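> below are the sequence and a predicted model for it; my questions follow.
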Amino acid sequence: MKNHKAVIFDLDGVIVDTAKFHFKAWKKLANDLGFDFTEEQNEQLKGVSRVESLKKILKWGNMELTEDEFKRQMALKNENYLSYVDQMEDDEILPGVSKVLDYLNENNIPYALGSASKNARAILHKINIYENFDAIVDGTDVSKAKPDPEVFFIAAKRLNVKPEECIVFEDSVAGIQAANNGKMLSIGIGDKTTLKEADYVFANFTEIDIEFIENLLRKEKK
Ligand code: B16
Ligand code: MG
């Protein structure tokens with residue numbers, strides 16, 4: 001019987017809603033380059049790295065940049081994005097998340113962050129939960145993007161647990177696939193249809209009972 005012993009959280013879309021800041025910053029970049037960028041397009045960038053996001057955006061805008069200009073635009077976007085992150089406070093933690101973190105803290109259940117963002121550490125500091133994590137794995141630690149399970153495998157290793165002992169909370173399709181590819185239990189946060197490959201899906205953390213998590217920490221993967 002496999003027991004789940006640890007939890008891995010994605011960051012953007014799970015713990016905080018930084019997608020709204022990414023949207024503003026990418027939209028400014030697109031507009032400055034002379035084309036538009038929609039919320040629907042922003043949805044497709046969830047869990048996607050900064051480089052890959054810019055490649056997609058330029059494709060949508062039918063635009064090519066030199067290598068130097070590409071790097072300059074990425075830096076500008078990040079600078080703009082960080083100006084929003086800088087204003088973040090504890091109240092940006094999404095509803096229901098703190099209740100789950102409190103439960104894990106009180107019961108000594110190890111948990112890690114597994115995010116594609118290179119700004120993850122700065123964000124966790126801003127919302128004052130950096131110290132709570134037993135391991136933090138972000139875009140600076142990985143060479144393969146989700147749906148490759150690398151980010152979650154590193155997290156499991158740092159938590160000293162086997163991949164199949166981990167529960168992963170994710171809001172992106174690629175992230176759910178990464179968890180499934182790593183034989184971890186996947187819990188989607190968001191839309192049931194979009195995240196249909198997940199083992200379980202909840203609209204947000206307010207819909208998750210502590211009892212549900214307690215049971216997962218005892219039961220076998222369904
Ligand atoms: P950065 P996650 C991802 O975070 C975001 O969902 C995605 O939109 C973003 O492009 C990516 O991080 C890279 O972020 O520019 O901060 O390095 O959902 O994996 O926590
Ligand atoms: Mg995410």
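Right, received. Where do you want to start? Ligands and ions are numbered 1, 2, ... in the order given.

> what about the protein, any weak spots by pLDDT?
1-2, 219-222 (pLDDT under 70).

> so which bits of it are right by ligand 2?
Within reach of ligand 2 by CB under 5 Å from the ion, the chain has these residues: 10, 12-13, 47, 171-172. Placement of C-beta: from N, CA and C, glycine included.

> can you do 6 Å?
10, 12-14, 46-47, 171-172, 175 (CB under 6 Å from the ion).

> switch those residues over to CSV; also include neighbour count and distance to ligand 1.
Compiled in CSV, those are given as follows (neighbours: other CB atoms under 10 Å; distance: CB to the nearest ligand atom, whole Å):
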residue, neighbour count, distance to ligand 1
Asp10, 28, 5
Asp12, 24, 3
Gly13, 20, 5
Val14, 26, 7
Lys46, 22, 5
Gly47, 27, 5
Asp171, 24, 7
Ser172, 27, 6
Gly175, 32, 7
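
> which residue ranges of this structure form strands?
6-9, 111-114, 135-137, 166-170, 185-189, 200-202 (DSSP state E).

> now those as JSON lines including distance to Thr66 and mean neighbour count?
Output for the strands of the chain, formatted as JSON lines (distance: least, CB to CB, whole Å; neighbours: other CB atoms under 10 Å):
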{"stretch": "strand 6-9", "distance to Thr66": "38", "mean neighbour count": "26"}
{"stretch": "strand 111-114", "distance to Thr66": "34", "mean neighbour count": "26"}
{"stretch": "strand 135-137", "distance to Thr66": "33", "mean neighbour count": "20"}
{"stretch": "strand 166-170", "distance to Thr66": "35", "mean neighbour count": "28"}
{"stretch": "strand 185-189", "distance to Thr66": "39", "mean neighbour count": "25"}
{"stretch": "strand 200-202", "distance to Thr66": "42", "mean neighbour count": "18"}
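
> got a list of what the nearest residue to Gln177 once chain neighbours are set aside touches?
Counting by CB to CB, 6 or more residues apart in numbering, Gln177 lies nearest to Pro147, which is 3.5 Å off, once chain neighbours are set aside. Neighbour list for Pro147: 174-175, 177-178, 181 [criterion: CB atoms under 8 Å, 6 or more residues apart in numbering].

> ok, which of the strands of the chain comes nearest Ile208?
With CB to CB as the measure, strand 200-202 is the member of those nearest Ile208 (5.3 Å).

> remind me what the closest one packs against, helices and strands.
Judged by 3 or more CB pairs under 8 Å, 6 or more residues apart in numbering; DSSP states H and E, strand 200-202 is in contact with strand 185-189.

> ok, and the closest non-adjacent residue to the residue in the chain positioned nearest to ligand 2?
Proximity to ligand 2, evaluated over the chain using CB to the ion, is greatest for Gly13 at 3.7 Å. Leaving aside its sequence neighbours, Gly13 sits nearest to Asp171 (CB to CB, 6+ apart; 3.1 Å).

> one more: Ala30?
Phe37 (3.7 Å).

> the helices in the protein, which residues?
19-33, 39-43, 50-60, 67-85, 97-106, 120-126, 150-159, 173-181, 210-216 (DSSP state H).
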